[in-house]
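sequence and predicted structure are below.
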Amino acid sequence: MAPPPKVLMVAEKPSIALSIATELSGGHMYTRKGSTEVHEFDGSFRGFHVQYKVTSVIGHVFSVDFPAPYQDWTATDPLDLFQAPIRKAEANPKAHICRHLSQEARGCGYLVLWLDCDREGENICFEVIESTGFHVNEERRRVYRARFSSVTQKDILLAMHNLVEPNRHEALAVDTRQEIDLKVGVAFTRFQTSYFQGRYGNLDSRVISYGPCQTPTLGFCVQRYFQINTFKPEKFWALHPFIIKSGYELQLEWERKKLFDKDVAIMFQKLVMEDRIAKVTEISEKQDIKSRPSGLNTVNLLKVASSALGLGPQVAMQNAERLYTRGFISYPRTESTSYPSSFDFKGVLGELAKNPTWGNYVQRLVADGYHKPRLGTDAGDHPPITPMRSATEDMLEHDAWRLYEYVCQHFIGTVSPDCKYVRTMVEFSIGGESFHCVGHHVTVKGFTTVMPWLAVHEKNLPQFIKGEKIEILKVDLFEGSTTPPDFLTESDLISLMEKNGIGTDASIPVHISNICERNFVQVQAGRKLVPTALGITLIRGYQCIDPDLCLPDIRSFIEQQITLVAKGQADHIRVVQHVLQQFMQKYCYFVKQIENMNALFEAQFSPLADSGRNFSKCGKCLRYMKYISTQPSRLYCNTCEEVYYLPQKGTIKLYKELTCPLDNFELLIFSMAGPEAKSFPLCPYCYNSPPFEGIDTLFGAVKTGGSSKLGKGAGMPCFLCPHPTCRHSMIAQGVCACPECSGTLVLDPVSAPKWRLYCNTCNCLVFLPQGAHRISTTRDRCPECDSTIIEVDFNRIQHHWRMELHCTVAAFFVMSCFIRLWR
DNA sequence: GCAAGGTC
């Protein structure tokens, strides 16, 4: 009998795959562990008996980037990036998702895609199709798309019975966005980074980045800074009459609130004072309701985390993710504030009823009958963030507990009664002017019992009778002054981003942390975002060249264009071309006008020439270059007006006053940060423009030698001397013995001019400095380890170069290239 | 060294 056909089902993340498999198999499945789990079970599919396999990807399978030649900042004009090819590569090569999918798809007759039901999910569908080797319109092996709005049994079964085709238009819309974001972001970033870092020494930012999301985000913060800076305070005056009733002193509120004219205010004060009697004109009582919250989505969680818990969005998300993977809360990235109708509130409440903190309240709530949450919006992604498992404070870290505590309080709040109170307003007339006072009496605390910070404050008023007349104690003329708005808080910024469609629930924290990391804004007390001089100058610059560049509309424009693709109303290639054409024009104009922006930088920052201290000698003019220590650390030659970047995150010193034989630049030694810090010497010129050809092969050689990283015990394995006592370890090995078998290495004659040594015994290769005219062995021996000395003849510096003399130096070049490739 | 979007 033929084996049953196989159906491969793929979800967006492992947890969803597990839920789907559990629901469809009734929990009777066999789970294979691997890089990602595969759940197997038997069942029926379209009337046939089949074997199911459910697995997942981990987000996007591929990410998009430029091919290698375009990665070189110095060799590529950013303008060329707009028309450059792009390529997709595995987003996380170490996870081997592609291999996993293609292996699992082998022998399967059906592919069912269970990716999230949004554009990104649709795009991942096609990444999965590509990885599995399925084709969309193939008769023999069919591809289906499951559309589901929640991972409940009902929705999963419904989706299984209503399988559709994946939507290529929506997927292409994502491809379109990826290409536009990549090209625009990278082109502007490279241009302005190179331009400004080549001129100023104290920008203190590794990279002066530009992005259609991060730049408008910065724009919001700077906009607020401008409002604060240009704010002109205005004086105002208000009347504050006081009365005494039943022993209470009461201040009455003026109907006119405040006046900006002192004389007029004084006139009213006189009128009121002359009357001296407050007459009660109206007493009204109204039942008011403060509604329980709707479900909690990511953006609202982040706002509360920042404003009430003092946790930044990035940290809050990390904690939320950890709570999620440990099973304490539901998936923390969601836009929805509405629960699906099938949601199991009883289950969640049953779990929380066990909790020592809220248990009593929840038990009473269940006994009295809990409420369904208020209706919110259903974005069709995931249910609101909900506690899943009871936890106590000692089970979680401090911040995680506080976040969990809030998620629980919010959830219990959503199913609690509304808060009800009576609002009493007493209106008065004094000298023809109207005043009032307001009292609150809470009748039902409702959800404010678990969310006490939202409680309505009890404010009792003495009993008044309509028509009653009360003598006035005094009438103060209050003088105040309008105050500027405060800096944006993270919470304000999140609201603005959400309102303007900048970023998504998952990316909003990333954009905010990006502008902090790039030193465009700083988070100050109260989680306020204060722009730095760099952030302010950048936005000012965009405003004077092309304000569009920092306005939120730039994102809406892209979104609107790709929506045409998603709806199938426009061809994606033409949209990419059209949008890139416009950005290319903007880019060209920006480059042309950059002097205007530069004028702002000039007024704010110090030129490279005035920055830093004299450090090491330039090989071209033989004068001292300046060492700029602010990030990115670099050397600047005042005479040649050249910048030489250095390896980052470490310390740099002069190296024995040696100079590089290739270019006469003084050599430096770099020590990496950390307790097990490695050091290596380098030539600043070679580091910025490696002198060798065939660096890729060189890199390969480094790998064959042993370690491929500059980690512990690593260095230059190919050039390490195997001789245990040899202190000339950096190069001697290349000429004395093979690192694999200790056999003698010979010059490989076939490969010239790619100089390398070949071991006849084990067939391995050791590469030598390239660019040499001639390399030959000599009769001399290394005084340190007795190995044969090699002579390298460099035409370009017109003299012979003996390995033993400069052997350590030769290794520096190799190291420079290696570092360059590696970082 | 670069964007924004998934997810871990």
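Yes, it's here.

list the contacts for A:Gln314?
By CB atoms under 8 Å, 6 or more residues apart in numbering, A:Gln314 lies in contact with A:509-510, A:512-513. C-beta coordinates here come from the backbone N, C-alpha and C atoms, glycine included.

so how far is DNA strand B from the spatially closest residue to A:Ala455 that is not a sequence neighbour?
Excluding its sequence neighbours, the residue lying closest to A:Ala455 (CB to CB, 6 or more residues apart in numbering) is A:Thr448, at 4.1 Å. Look at A:Thr448 and DNA strand B: by CB to the nearest atom of the strand, to the nearest Å, they are 33 Å apart.

correct me, but A:Thr448 touches A:His457?
No - here A:Thr448 does not reach A:His457: they are 10.3 Å apart, not a contact under CB atoms under 8 Å.

per-domain residue ranges of chain A.
If you go by automatic domain parsing, the domain ranges for chain A are A:6-166, A:175-230+A:487-603, A:235-291+A:420-481, A:298-417, A:608-677, A:695-822.

and those domains as a markdown table, adding distance to A:Cys686 and mean pLDDT?
Formatted as a markdown table, the domains of chain A follow (distance: least, CB to CB, whole Å; pLDDT from 0 to 100):
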| stretch | distance to A:Cys686 | mean pLDDT |
| --- | --- | --- |
| domain A:6-166 | 14 | 93 |
| domain A:175-230+A:487-603 | 19 | 96 |
| domain A:235-291+A:420-481 | 61 | 95 |
| domain A:298-417 | 38 | 91 |
| domain A:608-677 | 6 | 81 |
| domain A:695-822 | 5 | 42 |
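
any chance of a markdown table for those, columns distance to A:Cys683?
Shown next, in a markdown table, are the domains of chain A (distance: least, CB to CB, whole Å):
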| stretch | distance to A:Cys683 |
| --- | --- |
| domain A:6-166 | 17 |
| domain A:175-230+A:487-603 | 20 |
| domain A:235-291+A:420-481 | 61 |
| domain A:298-417 | 39 |
| domain A:608-677 | 4 |
| domain A:695-822 | 6 |
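
A:Thr448 and A:His457: which is more packed in?
Higher neighbour count among A:Thr448 and A:His457: A:Thr448, with 21 against 7, using other CB atoms under 10 Å.

follow-up on the earlier one: using the three-state scheme, assign the residue nearest to A:Ala455.
For A:Thr448, the assignment made with DSSP: H, G, I helix; E, B strand; the rest coil gives helix.

quickly note the distance from the residue positioned nearest the centre of chain A to DNA strand B.
The residue lying closest to the centre of chain A (CA atoms, centre = their mean) is A:Val510, at 2.1 Å. Per CB to the nearest atom of the strand, A:Val510 is found 7 Å from DNA strand B.

before we move on, the earlier item: pull the most distant pair out of the contacts of A:Gln314.
Checked with CB to CB, the contacts of A:Gln314 reach their widest spread between A:Val510 and A:Ile512, with 7.4 Å between them.

most neighbours among the contacts of A:Gln314, which one?
Ranked by the number of neighbours (other CB under 10 Å), the contacts of A:Gln314 place A:Ile512 first, at 27 neighbours.

one step back: and for A:Thr448 and A:His457, which residues touch both?
In contact with both A:Thr448 and A:His457: no residue, using CB under 8 Å, 6+ apart.

so for the residue of the stretch 251-400 of chain A at minimum distance from DNA strand B, what's the nearest residue that isn't a sequence neighbour?
Residue nearest to DNA strand B within the stretch 251-400 of chain A (CB to the nearest atom of the strand): A:Glu321, separated by 4.2 Å. Sequence neighbours aside, A:Pro332 is the residue nearest to A:Glu321 in space, at 6.2 Å (criterion: CB to CB, 6+ apart).

before we move on, back to that, what helix or strand is the residue of the stretch 251-400 of chain A closest to DNA strand B located in?
In this structure, A:Glu321 sits in helix A:313-325 according to DSSP states H and E.

after that helix, which helix or strand is next?
helix A:345-352.

did I read that right, the residue nearest to the centre of chain A in a strand?
No - looking at A:Val510 with three-state DSSP, it is helix, so not inside a strand.

so it versus A:Ala379, what's the distance?
Per CB to CB, to the nearest Å, A:Val510 is found 19 Å from A:Ala379.

neighbours around A:Glu572, how many?
Actually, residue A:572 is His. It isn't Glu. Look at A:His572: counted by other CB under 10 Å, it has 23 neighbours.

regarding chain A, what is its longest helix?
If you go by DSSP state H, chain A has its longest helix at helix A:168-197.

show me what that one is packed against.
On a contact count with 3 or more CB pairs under 8 Å, 6 or more residues apart in numbering; DSSP states H and E, helix A:168-197 meets strand A:62-65, helix A:78-81, helix A:119-132, helix A:553-566, helix A:572-592, helix A:594-604.

other residues contacting the fourth one?
Helix A:553-566 is touched from outside by A:119, A:169-170, A:172-174, A:176-177, A:180-181, A:212-213, A:215-216, A:500-502, A:548, A:570-572, A:575, A:578-579, with contacts defined as CB under 8 Å, 6+ apart.

equivalent analysis for the first one, please.
The contact list for strand A:62-65, computed with CB under 8 Å, 6+ apart, reads A:86-91, A:127, A:175, A:178-179, A:182.

tell me the most packed of those, by neighbour count.
A:Glu127 (25 neighbours).

number of residues surrounding the closest residue to that one other than its chain neighbours?
Sequence neighbours aside, A:Val61 is the residue nearest to A:Glu127 in space, at 4.0 Å (criterion: CB to CB, 6+ apart). Close neighbours of A:Val61, defined as other CB under 10 Å, add up to 23.

A:Leu375 reaches A:Ser338, doesn't it?
Yes - using CB under 8 Å, A:Leu375 is in contact with A:Ser338, at 5.8 Å.

these two: which has the busier surroundings?
More crowded of A:Leu375 and A:Ser338, by other CB under 10 Å: A:Ser338, with 19 against 11.

which ones are touching that one?
Taking CB under 8 Å, 6+ apart, we find A:Ser338 in contact with A:294-295, A:373, A:375-378, A:384.

if any of those residues are buried, give me the ChimeraX selection for them.
In ChimeraX, this line selects whichever of the contacts of A:Ser338 come out buried by 16 or more other CB atoms under 10 Å:
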select /A:294,295,373,376,378,384
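
check A:Cys683 and give its pLDDT.
Confidence at A:Cys683, expressed as pLDDT, is 78.

measure the residue lying closest to it once chain neighbours are set aside to A:Ala353 for me?
Closest residue in space to A:Cys683, ignoring its immediate chain neighbours: A:Cys660 at 3.8 Å, by CB to CB, 6+ apart. In this view, A:Cys660 and A:Ala353 are 74 Å apart by CB to CB.

more neighbours: those two, which one.
Taking other CB under 10 Å, A:Cys660 and A:Ala353 do not tie; A:Cys660 has more neighbours (25 against 18).

I am finished for the moment; much appreciated.
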